[in-house]
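>>> Predicted structure and sequence below. I'll ask about it afterward.
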Amino acid sequence: DAKTTQPTSMDCAEGRAANLPCNHSTISGNEYVYWYRQIHSQGPQYIIHGLKNNETNEMASLIITEDRKSSTLILPHATLRDTAVYYCIVRPHAGGTSYGKLTFGQGTILTVHP
Amino acid sequence: DSGVTQTPKHLITATGQRVTLRCSPRSGDLSVYWYQQSLDQGLQFLIQYYNGEERAKGNILERFSAQQFPDLHSELNLSSLELGDSALYFCASSSPGTYNEKLFFGSGTQLSVL
């Protein structure tokens, strides 16, 4: 799986947008970008994923650059409950009985301040 | 609530002992994954089962073993426990064959080896 690079930590004011960057310069054509987060000692939670088009769901938006070498996760109106470790993961799309395991890096610790 | 159930939530034992962690996947999910999270190693993939068969192996020690039963629940057996085995152990499940293969994580078992 392609390696990702994320900042160790970031801060954000409550109510503002949180923009979390991720570099994945060695991504290959069949690899997707996934974002998960882990709120203090809870199990990781899926946020969003994408291949090359920008994606949006009820939790966040994912912006992937045209060359696919980097992406940004956007939490449009961060709340205190969004304080968590955010993981950017790159892996091939898993379907059928293929191997869907995720390889987690160190992630970005996002702290949302009042 | 992810739908993945892990028991027990906490486990305290002594070095040299053997323990069994249990995981019930979401209804209908055929794949089960086990992860270990320690302070110094982060989230490490251990092993994956699909419909009762081992599919992928990660950094799992020989003292550890797992299995998935016909009813799709899974157990992770840890033997000859050492202090360094103290960690959070997460189980996740997924439903291969769906386009968006997301992993759903349980709330984990906190293992303390004294």
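Thanks, I have the structure now.
>>> can you give me the helices for chain B?
Shown for chain B, no helices are assigned by DSSP state H.
>>> For it, list the residues in contact with chain A, please.
Proximity of chain B to chain A, by C-beta under 8 Å from any C-beta of the partner chain, involves residues B:2, B:4, B:31, B:33, B:35, B:42-45, B:48, B:50-51, B:55-56, B:58, B:88, B:90, B:92, B:94, B:96-108, B:110. (C-beta placed from N, C-alpha, C; glycine too.)
>>> Let's see which of these end up in strands.
When these are checked against strands (DSSP state E), the matches are B:31, B:33, B:35, B:42-45, B:48, B:50, B:55-56, B:88, B:90, B:92, B:94, B:104-105, B:110.
>>> Now, of these, which are buried?
Neighbour-count burial (16 or more other C-beta atoms under 10 Å in any protein chain shown) is assigned, among these, to B:31, B:33, B:35, B:43-45, B:48, B:50, B:55-56, B:88, B:90, B:92, B:94, B:104-105, B:110.
>>> So which bits of stretch A:28-46 are buried?
In stretch A:28-46, residues buried by neighbour count (16+ other C-beta under 10 Å) are A:31-38, A:42-46.
>>> Just list the residues touching residue 5, thanks.
If you meant another chain, say so; for now it's chain A. A:Cys22, A:Asn23, A:His24, A:Gly105 (C-beta atoms under 8 Å, 6 or more residues apart in numbering or on different chains).
>>> my question was about chain B
B:Cys23, B:Ser24, B:Gly106.
>>> can I get those residues in CSV with neighbour count, pLDDT and distance to A:Ile63?
Output for the contacts of B:Thr5, formatted as CSV (neighbours: other C-beta atoms under 10 Å in any protein chain shown; pLDDT from 0 to 100; distance: C-beta to C-beta, whole Å):
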residue, neighbour count, pLDDT, distance to A:Ile63
B:Cys23, 26, 98, 35
B:Ser24, 19, 98, 37
B:Gly106, 26, 97, 31
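>>> Many thanks, we can stop here.
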